[in-house]
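Visitor: Take a look and give me a structure for this.
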Amino acid sequence: MPVIALLNQAGAKVADLTLAEEVFGIEPNRQVVYDVVNAQRAAMRQGTHDTKGRSEVRGGGRKPWRQKGTGRARQGSIRAPQWRGGGTVFGPTPRSYAFKLNKKVKQLGMKSTLSFKVQNDKLIAVDALVFDQAKTKSFIEFLSNVKAEGKTIVICTREELTENAISSARNVPNVFLTSCDNASVYEILCFDKVVATKGAITYFEEVLK
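Guide: As a prediction, the model looks like this:
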């Protein structure tokens with residue numbers, strides 16, 4: 001089983017934390033991670049694009065000339081697709097790009113991502129996340145204490161995600177604070193370091209086993 005150091009907010013080691021093998025110690029499945037990220041990015045698309053078909057563009061209610069006898073090609077409307085200002089053929093219309101993935105596939109994607117972070121020493125465990133007041137300086141000091149340099153995602157429990165914590169992390173560049181029940185594979189992969197509280201790690205072990 002993987003074992004990592006459990007730190008407090010001052011950066012001091014509190015204990016050794018043994019992680020669940022089936023969640024944090026598996027061989028990452030790259031294809032599943034790709035599929036999960038692809039699904040999450042697809043669901044993020046707005047899909048509000050829209051073009052007008054021949055029934056939606058303005059004008060063209062009258063037949064431009066009679067059907068026979070003019071020598072020209074027959075036409076029914078000046079707003080047909082072949083006319084300037086006409087409707088668009090097979091253009092995009094508003095739709096959802098989201099598609100379904102099986103629950104076990106999504107769980108395997110999260111386990112693969114967490115295991116990848118552990119294997120590359122990118123996961124930092126802290127015992128708790130507590131801020132008595134909203135101060136950006138306090139959050140920066142916390143990250144410095146636990147040696148979380150660069151782009152960092154901080155994952156905590158819903159109870160630890162207080163207004164003080166949110167306000168303290170809001171203006172720190174390249175840092176994202178989220179709760180464990182809202183974290184996604186795509187978000188975790190977007191950041192180099194993962195700082196997770198003991199409660200968040202326990203949540204992942206309970207949900208993903």
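Visitor: in which helix or strand would I find residue 81?
Guide: Taking DSSP states H and E as the definition, one finds residue 81 inside no helix or strand.
Visitor: ugh, wrong one, I meant residue 142
Guide: Going by DSSP H and E, residue 142 is part of helix 136-145.
Visitor: helices or strands next to that helix in the packing?
Guide: For helix 136-145, the elements it packs on are helix 163-170, judged by 3 or more C-beta pairs under 8 Å, 6 or more residues apart in numbering; DSSP states H and E. Any C-beta I mention is one placed from the backbone N, CA and C, and that applies to glycine too.
Visitor: Can you mark which positions in the helix holding residue 142 are buried?
Guide: Using 16 or more other C-beta atoms under 10 Å as the test for burial, helix 136-145 gives 138-140, 142-143.
Visitor: Quick one: distance of it to the chain centre.
Guide: Its chain's C-alpha centre and that of helix 136-145 lie 25 Å apart, by C-alpha atoms, centre = their mean, to the nearest Å.
Visitor: Extract the C-alpha trace of that helix and format it as CSV.
Guide: Coordinates of each C-alpha in helix 136-145 appear next as CSV, following Å, rounded to 0.1, in the frame of the first residue of the first chain:
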residue,chain,number,x,y,z
THR,A,136,-4.8,35.6,1.0
LYS,A,137,-1.4,35.9,2.7
SER,A,138,-2.4,33.0,5.0
PHE,A,139,-3.2,30.7,2.1
ILE,A,140,0.0,31.6,0.4
GLU,A,141,1.9,30.8,3.6
PHE,A,142,0.1,27.5,3.8
LEU,A,143,1.1,26.5,0.3
SER,A,144,4.7,27.5,1.0
ASN,A,145,4.8,25.4,4.2
